[in-house]
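Enquirer: sequence-free structure coming up:
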């Protein structure tokens, strides 16, 4: 079976981030890019972020006024940024002969829950947007925002409120809108030109991927590859929205960028797709634990009660026969985790707590791992050859992660990139 | 009968203009002022403009993008300014212990027609705001904006749209909201401390008025006293909303400012309340008209078809027995008026058109004129004594307006201010 060609694409979502609409000139460039797709006969929905810097300014105003910001009001304030760019982008399109109309979250509507500042989309009624598209008009949707219906958040005032999806939420808006209008594709225009096998700042031989599966992207995004917001990838996978990442600063053709697609669409699967890293975790070791059942439960329920997210976990037996538990938490949660455990010392009866921040997590990701053994041994051999000690290991179906000393980060990423055959050269998925 | 005391005031609207919410510090000062009223036991609705300068910035963005701005999109863009200040002001109130909540036009809702950019309020449902007040919460309403329901402006997209009331529309918002919640008073905080007998920059003896009637204010506002937007005064008169104008920069007590009230509330009526002027009109004279019925109708229907607003009108007979028509139009309409008339020259059969821009309109206003004769002769005598020629005269029940050469403006205003006994001195309405 030959590699599939894209099926006919008639309806797309084009999402532009804050740097892409940073000023009047950039907004004009966005309009020109939209016009090119529109002139080719496609129905186009545009989704825009706020002008770069505007959201930060609004956030700083809020924090300057109140030590304890009411998130309902925060949302009313910060959502204004996308409102402005959606109107301006519609005007820029009209000015070059493209019928266009701005759409705010409450106008579509994009219904959310009441978690103001980090709201979840509960549903989007695509009917009005589809009517707009079918009338030949380009809808320009304010990203990052929805509306929380009054009956989701009963109050004395009983009124629908603006809710924002949290930082980076415009990607999620775009994917959700693509699903609601049954778009053939969702193009995310950003300031990078695609998804790479690893961070090109560390590995000069990093290769841009033409295609990556949702699950791979999800693992890469959640472990630190910041091209797409994790939520948007998870949503795209669930709703089966084809996502393409491409640069709004690159004037090249339609074939640029990286596509995030269903696994079935990727033929010759690479064993390993990419290597991600994260420097935002801290390691905590609780040592000399009593050797009795339920001790792990005691530790992690204590942390859960303190709302600490635990990532990697390993249990080990020390040279003196004692039991130790090592795990990682976000660096921002480190202090909270330790004080929660100290407070529970009477129950858990551990000996000591040690922690370290100079650690890096490196993850090798690829759907090919499902069907191939031996992937882990390549990783351990490669690291061992460079004298890099592995402190914690965790695995999933399509990912192996290790925790190492942070100072070895670049060395390890480069060595693994080569060992898994990812270095840029002819062939491979790029040309597949 | 002694001057009436204010009846018990339990519910007020406080409206703050752009300079009053220009930055975070000013917003804090607004919150403190609101808190003082709230702590005295009143129910308070706050109405805010955009931060000074923000609306102008948004307008300039729109015009930079499009030579022919779609006013629906313009409204979506510029309304964001008030959205931001309403949220920020609510946060500032919360920070000092006052429960507060922002309200946008579509949330209340404030229903408008579809005249985007200069929409008219069709109705306000005060029920939600009243529920908010009765729950002990201060609603902070974004001024200047409402929502045009989809069925007011049928389109392919059938969605409610943000509509703005035009520049200065926040005053109108405040008065309309005061009517809808049956407020006892609407306080307009601005950068002047009240309404004066005339422009204090021209007449140093100008006196602040404690009280002025709606009709007087309407005449003063429409002829150039720019303290309150004319529409807001007309609305206040119709809805019988007590309006008070006061300075947001003045820290003095509750008794400051000027009140705009029903005529019945003003006891010892002054003959003349104030003297206004306008420099934004041009004079046009159409000469050597045929002496036949319907000639005035021919001229003014031509101008009406060209959407030119005509203000003062006088018909005269020249020394040669010919008929002339002189009238004033806004300077911005002068060219359109002349070209419309030239185009209709075949029908109207006039001799020539002359026009002049160096004219000033001066108006003497006072409800006392209704019951007193001789007011006009004081005006003409005073002007004649200074050698000032009156070019056009128009009168209403409570106003006499004259058109003079612009260079006499200051002289005429000062002379009339003295002649009508308005110069600052003991007694008078100020201490009444």
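Expert: Yes, it's here. In this text, all values refer to a predicted model and were calculated from it rather than measured experimentally.

Enquirer: What about the residue in the stretch 201-350 of chain A that chain B sits nearest to, how many residues nearby?
Expert: Here the stretch 201-350 of chain A gets closest to chain B at one residue, residue A:248, 17.4 Å apart by C-beta to the nearest C-beta. The C-beta positions use only the backbone N, C-alpha and C, and glycine is treated the same way. Other residues lying near residue A:248 total 22 when counted by other C-beta atoms under 10 Å in any protein chain shown.

Enquirer: my read: it touches residue A:18, true?
Expert: No. Between residue A:248 and residue A:18 there is no contact under C-beta atoms under 8 Å: 10.6 Å.

Enquirer: and the stretch 151-300 of chain A, which residues reach chain B?
Expert: By C-beta under 8 Å from any C-beta of the partner chain, the residues of the stretch 151-300 of chain A that approach chain B are A:156, A:157, A:158, A:159, A:160, A:161, A:162.

Enquirer: Name the helix or strand of chain A that has the lowest mean pLDDT.
Expert: Every helix and strand of chain A was ranked by mean pLDDT, DSSP states H and E. The lowest is helix A:214-222, at a mean of 85.

Enquirer: Mind giving me the packing neighbours of that helix?
Expert: helix A:230-239, strand A:258-261, strand A:274-278, strand A:359-365 (3 or more C-beta pairs under 8 Å, 6 or more residues apart in numbering or on different chains; DSSP states H and E).

Enquirer: sorry, back to before: next step: the residues of the stretch 151-300 of chain A next to chain B restricted to strands.
Expert: Assignment to strands by DSSP state E places the following of these there: A:161, A:162.

Enquirer: Of the residues of the stretch 151-300 of chain A next to chain B - the most surrounded one?
Expert: The residue in those with the most neighbours, by other C-beta under 10 Å, is residue A:162 (31 neighbours).

Enquirer: Specify the beta-bridge partners of that residue.
Expert: Partner residues in beta bridges with residue A:162: residue A:147, with DSSP bridges as the criterion.

Enquirer: Break down the stretch 1-150 of chain A into its helices, ranges please.
Expert: A:24-39, A:54-65, A:71-78, A:80-95, A:127-134 (DSSP state H, counting those that start in this stretch).

Enquirer: mind checking which of the ones you listed is nearest residue B:194?
Expert: Of all the helices of the stretch 1-150 of chain A, it is helix A:54-65 that lies closest to residue B:194, at 29.5 Å by C-beta to C-beta.

Enquirer: Where does pLDDT dip in the stretch 151-300 of chain A?
Expert: Regions of the stretch 151-300 of chain A meeting the criterion pLDDT under 70 cover residues A:153-156, A:167-168, A:222-225, A:251-255, A:267-270.

Enquirer: which residues touch residue A:87?
Expert: Residue A:87 is in contact with A:102, A:140, B:62, B:73, B:74, B:75, B:76, B:77, B:80, counting by C-beta atoms under 8 Å, 6 or more residues apart in numbering or on different chains.

Enquirer: okay if I get the helices and strands packed on helix A:214-222 as a markdown table plus mean neighbour count?
Expert: Formatted as a markdown table, those follow (neighbours: other C-beta atoms under 10 Å in any protein chain shown):
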| stretch | mean neighbour count |
| --- | --- |
| helix A:230-239 | 21 |
| strand A:258-261 | 25 |
| strand A:274-278 | 24 |
| strand A:359-365 | 25 |
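
Enquirer: I'd like the ones you listed laid out as a markdown table, including distance to residue A:298.
Expert: Rendered in a markdown table, the data for the helices and strands packed on helix A:214-222 read as follows (distance: least, C-beta to C-beta, whole Å):
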| stretch | distance to residue A:298 |
| --- | --- |
| helix A:230-239 | 30 |
| strand A:258-261 | 40 |
| strand A:274-278 | 27 |
| strand A:359-365 | 24 |
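
Enquirer: quick one, which of the ones you listed is nearest to residue B:334?
Expert: With respect to residue B:334, and counting by C-beta to C-beta, the nearest of these is helix A:230-239 at 56.6 Å.

Enquirer: quick one: the closest one to chain centroid distance?
Expert: Between the centre of helix A:230-239 and the centre of its host chain there is 9 Å, according to C-alpha atoms, centre = their mean, to the nearest Å.

Enquirer: quick one: contacts of it?
Expert: Helix A:230-239 is contacted by residues A:121, A:165, A:168-169, A:171-172, A:174-176, A:178-179, A:186, A:188, A:214-215, A:217-218, A:221-222, A:241-243, A:260 when judged by C-beta under 8 Å, 6+ apart.

Enquirer: cool, and stretch A:203-215?
Expert: When contacts are defined by C-beta under 8 Å, 6+ apart, stretch A:203-215 is touched by residues A:193-200, A:220, A:233, A:236-237, A:258-263, A:265-266, A:273-274, A:367, A:398, A:413-414, A:417-418, A:422-424, A:428-432.

Enquirer: Could you rerun that using 6 Å?
Expert: For stretch A:203-215, the external contacting residues (C-beta atoms under 6 Å, 6 or more residues apart in numbering or on different chains) are A:194-198, A:200, A:237, A:258-261, A:263, A:266, A:273, A:367, A:398, A:414, A:417, A:423-424, A:430.

Enquirer: List the ones among these that fall in helices.
Expert: Among those, the residues falling in helices (DSSP state H) are A:237, A:414, A:417.

Enquirer: Can you flag the buried ones in the contacts of stretch A:203-215?
Expert: The neighbour-count test (16 or more other C-beta atoms under 10 Å in any protein chain shown) applied to those identifies A:194-198, A:237, A:258-261, A:266, A:273, A:367, A:398, A:414, A:417, A:423-424 as buried.

Enquirer: related to what we said a few turns ago, which of the contacts of helix A:230-239 are buried, as a PyMOL select command?
Expert: This is the PyMOL syntax for the buried subset of these, where burial follows 16+ other C-beta under 10 Å:
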select buried, chain A and resi 121+165+168+169+171+172+174+175+176+178+179+186+188+214+215+217+218+221+222+241+242+243+260
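
Enquirer: Which positions in the stretch 1-150 of chain A make contact with chain B?
Expert: Residues of the stretch 1-150 of chain A lying close to chain B by C-beta under 6 Å from any C-beta of the partner chain are A:24, A:61-62, A:64-66, A:70, A:73, A:76-77, A:80, A:83-84, A:87-88, A:90-92, A:94-95, A:102, A:107, A:128, A:131-132, A:135.
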